[in-house]
Structures are given as structure tokens and as C-alpha cells.
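Novice: Turn this into a structure:
(one chain, ligands or ions: 2)
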Amino acid sequence: MEFQNTPKIELHLHLEGAMPPEFARRLADEKNISLEGVFDETGGYAYRDFWHFLEVYEVATQVLTGPEEFARLTKAVLEQSAQHGVVYTEAFISPDFCGGGDVGAWKEYLAAMQQAAAEAEAEHGIKLRGIATPIRHFGPEKAKAAAKCAAETSGDFITGLGIGGDEKAGKLSDFSWSFDCAREAGLQLTAHAGEWGGPESVRDALSLNVERIGHGVRAIEDAELVKELVTRDVTLEVCPGSNVFLGVYPKLADHPLVRLMDAGVNCTVSTDDPPFFHTTMTKEYQDLATVFRFDEQVFLDLNKMAAKAAFCDEDTRAALLKQFT
Ligand code: HPA
Ligand code: ZN
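Specialist: Ligands and ions are numbered 1, 2, ... in the order given. Next up is the predicted model:
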């Protein structure tokens, strides 16, 4: 497959959302957990729209019952990413699914995932960093507990705080306590915005002083906002296949990625929840090459931007930048 072996950086990947359906079925069988309504007749994940996706996602996540299951998932996801040329990835990991916001339990989950990541790195050379991710529709109070978990474990594995879930649930500024707490603990910040919400949702994310925005693509609807993203040197974690699959844009040719890049916005390319959106990093690159004529040089530039925006230490960044020159 063309581009399969092209080295890649991925900055926007939900660990639970990267769970292969067959992995979910195996764990469900082992544990006697019902996943009724989660799969379609072909065995893939089944849902009607983004909001139903979030529901199905939470049901599927029930098979991840403890640190051991998250370790197995980490290993499986990293093996899969490495097969698609990914050399460095950041994964959103939700404290809500890993101990329910309890710091002691979260540390046990992290230890198991970190061990799995070390094994995957030794076997496949892929590096993982984690972004602790509260879930917006669970509300600001749960987010505080998640942010405290993140702050307590800020270091060389958990390097960021993000927020996912229903972009229409409350305002991001309601979560400022959590983002301030994380920043004070040395974490870097990103937030999902500008996917289902318009430019105002991107401004809402900027009010949290985030370095990156998950999606953010609907900023294109407001020229002043696009300029502000450039001035602030904010990086967008763009997930073109996810946006098309979920219907944010009717087809890839309508996607604003190129217009954002031409305006000088830092953009990167990721998959979001690959099995849910029937994509891989290889497919993203292939589709961008087909529709927008992206070549090796454009992918190199996108990966250089990703290396600059990665939530990692400076030695790791320097090594990545060297790989993409
Ligand atoms: N978007 C928002 N929240 C999410 C997603 C997503 O793609 N996956 C898991 N939580
Ligand atoms: Zn996402």
C-alpha cells in the first residue's frame, strides 16, 4: 500500500476509540459482557451519528474492566499504528474509564499502559505519550477529578490534558479550573472544538489558553479567527477522514485542510477513532494524495509541524525533527 511505510506522527487518537472490534468482542466473550447493539452485521461498530457514536463508544469501553485490559489495548493499538508507519503517537486516555477519577486507581492503570508502551517501543520503535482526557458531557465536576489525576501524574508519560465528548455540552470555559490545574502541573493543553461547534467554539477553546485544538477546522468560517490561530501559533489536530465519515463535510474535496494550511495555520493529520471511522493513517495519507495531490514533501511538512507541536520533552522532539528533515 502506498504511504504505508512513510513515517508518520499522530497527535489525535482516542485510545479506547482505537479498539479493534474483534478485540472488543474477544474481551466481551472472556468476561461475559453483553455488547448488544454495538456491532453491525459485518462485525464493525454500528451507530447512526456522532451522538450515537459517543453512546456506542461508552458501551464498547465497558469491556476494558481494569489495568490489564488497558495494557492489552495499548499493545494492540500501538502494534496497529506501527504497521501504518506511525513512529510517535499521542493517545487520549480518560481517567473516567480508568478508575473513575480516583488518583490511586489511575496510577495503576497508567503503570500497566506504560509497561505495554515500553514493550511496543522495544518491538516496533513506536513511542507513546498520553493526554488525560475528561469527557465534556460528564460535566465540570467529573472533569476536576480527571484533571487532578492528570496533574498528579504529569511527567514523561502523561504530558497533556485534553477534553473530548459532546462538543455541544456546556461551554469549554466552564472547565477552566481543570485546565488551570493541569497547566500549573506542567501539562500542555488541547481541547476538542470547531468540529460540531462553529468558530465561537474555537474561540471558547482559545479562552483556555490551549496550545492545540482537536479538529478546529470550522475556524475556516471566520477569517479573523484564522488569523488569530496563526498569531497565537496554535496547532490544529485535523482528522479529515473522521470529519467526512461523520458528515461534518460531505466529501474530502470540501474539507478545509488545504485552505487552513494556505492561510498559515499549523495543521497535522490524525485518525481520531480509526475502526469507528473505517480509517488508518495510511488511508488518510492515500486519500489526501488522491484528492489534494499531497506528495512526500507535504507529508514531511505536516509531520514537522506535528513534531513541533508534540507534547513531549525537547530531546524527543529533536529526534523527531531530525527524522522529518
Ligand atoms: N470526538 C469527541 N469525543 C470523543 C471522540 C471523538 O472523536 N472519541 C471519543 N470521544
Ligand atoms: Zn477526537
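Novice: what does the protein put close to ligand 1?
Specialist: 14, 17, 57, 164-165, 192, 272-273 (Cβ under 6 Å from any ligand atom). C-beta here means a position set from N, CA and C on the backbone, and glycine is covered the same way.
Novice: which ones among the residues you listed are found in helices?
Specialist: Tyr57 (DSSP state H).
Novice: Kindly state the domain boundaries assigned to the protein.
Specialist: Domain assignment for the chain by automatic domain parsing gives 8-18+69-320, 20-63.
Novice: Tabulate those domains (TSV), appending mean neighbour count, mean pLDDT and distance to Met1.
Specialist: Formatted as TSV, the domains of the chain follow (neighbours: other Cβ atoms under 10 Å; pLDDT from 0 to 100; distance: least, Cβ to Cβ, whole Å):
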stretch	mean neighbour count	mean pLDDT	distance to Met1
domain 8-18+69-320	20	98	5
domain 20-63	15	96	18
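Novice: what would the ones you listed look like in CSV with distance to Glu2?
Specialist: Formatted as CSV, the domains of the chain follow (distance: least, Cβ to Cβ, whole Å):
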stretch, distance to Glu2
domain 8-18+69-320, 6
domain 20-63, 23
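Novice: quick check, nearest of the residues of the chain next to ligand 1 to ligand 1?
Specialist: Using Cβ to the nearest ligand atom, Gly164 is the member of the residues of the chain next to ligand 1 that sits closest to ligand 1, with 3.3 Å.
Novice: contacting residues around the closest one?
Specialist: Going by Cβ atoms under 8 Å, 6 or more residues apart in numbering, Gly164 touches 14, 92, 94, 133-136, 192, 214.
Novice: Check Gly155 too.
Specialist: Gly155 touches nothing, counting by Cβ under 8 Å, 6+ apart.
Novice: Distance check, it against ligand 1.
Specialist: Computed as Cβ to the nearest ligand atom, to the nearest Å, the Gly155 to ligand 1 distance reads 24 Å.
Novice: what do you get for Val86?
Specialist: To ligand 1, Val86 is 18 Å away according to Cβ to the nearest ligand atom.
Novice: again, but for Ala219
Specialist: As for Ala219, its distance to ligand 1 is 17 Å (criterion: Cβ to the nearest ligand atom).
Novice: Helices along the stretch 201-325 of the chain, start to end?
Specialist: Ranges of helices in the stretch 201-325 of the chain, per DSSP state H, counting those that start in this stretch, are 223-232, 240-245, 257-262, 281-292, 296-309, 314-323.
Novice: for the stretch 1-150 of the chain, same thing?
Specialist: Using DSSP H, counting those that start in this stretch, helices in the stretch 1-150 of the chain cover 21-31, 50-60, 67-83, 103-124, 140-152.
Novice: Select, out of those, the one closest to Ser201.
Specialist: With Cβ to Cβ, the closest approach to Ser201 among the helices of the stretch 1-150 of the chain belongs to helix 50-60: 14.0 Å.
Novice: Output the contacting helices and strands for the closest one.
Specialist: Judged by 3 or more Cβ pairs under 8 Å, 6 or more residues apart in numbering; DSSP states H and E, helix 50-60 is in contact with no other helix or strand.
Novice: Now do it: distance to the chain's middle.
Specialist: 16 Å (Cα atoms, centre = their mean, to the nearest Å).
Novice: next one: stretch 8-27
Specialist: Counting by Cα atoms, centre = their mean, stretch 8-27 comes out at 10 Å from the chain centroid.
Novice: Likewise for stretch 49-57?
Specialist: A distance of 16 Å separates the centroid of the chain from that of stretch 49-57, by Cα atoms, centre = their mean.
Novice: CA atoms of it as CSV?
Specialist: Provided in CSV are the C-alpha atoms of stretch 49-57 (Å, rounded to 0.1, in the frame of the first residue of the first chain):
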residue,chain,number,x,y,z
ASP,A,49,-24.5,9.7,14.1
PHE,A,50,-21.9,11.4,16.3
TRP,A,51,-24.1,11.4,19.4
HIS,A,52,-25.0,7.8,19.0
PHE,A,53,-21.3,7.1,18.3
LEU,A,54,-20.5,8.6,21.8
GLU,A,55,-23.1,6.2,23.3
VAL,A,56,-21.8,3.1,21.5
TYR,A,57,-18.2,4.1,22.4
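Novice: So which residues make contact with it?
Specialist: Counting by Cβ under 8 Å, 6+ apart, 16-17, 37-38, 45-47, 137, 165-166, 196, 246-247, 273, 276 sit against stretch 49-57.
Novice: show me the contacts for the nearest residue to Val244 once chain neighbours are set aside.
Specialist: With sequence-adjacent residues excluded and distances taken as Cβ to Cβ, 6 or more residues apart in numbering, Val244 is closest to Leu252, at 5.4 Å. Neighbour list for Leu252: 240-241, 244, 287-288, 291-292 [criterion: Cβ under 8 Å, 6+ apart].
Novice: and which of these is nearest to Glu22?
Specialist: The closest of these, once distances to Glu22 are taken by Cβ to Cβ, is Gly241, at 20.4 Å.
Novice: quick one on the thing from earlier: take the helices of the stretch 201-325 of the chain and lay them out in a markdown table including distance to Ser201.
Specialist: Conversion of these to a markdown table gives the following (distance: least, Cβ to Cβ, whole Å):
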| stretch | distance to Ser201 |
| --- | --- |
| helix 223-232 | 10 |
| helix 240-245 | 14 |
| helix 257-262 | 16 |
| helix 281-292 | 23 |
| helix 296-309 | 20 |
| helix 314-323 | 29 |
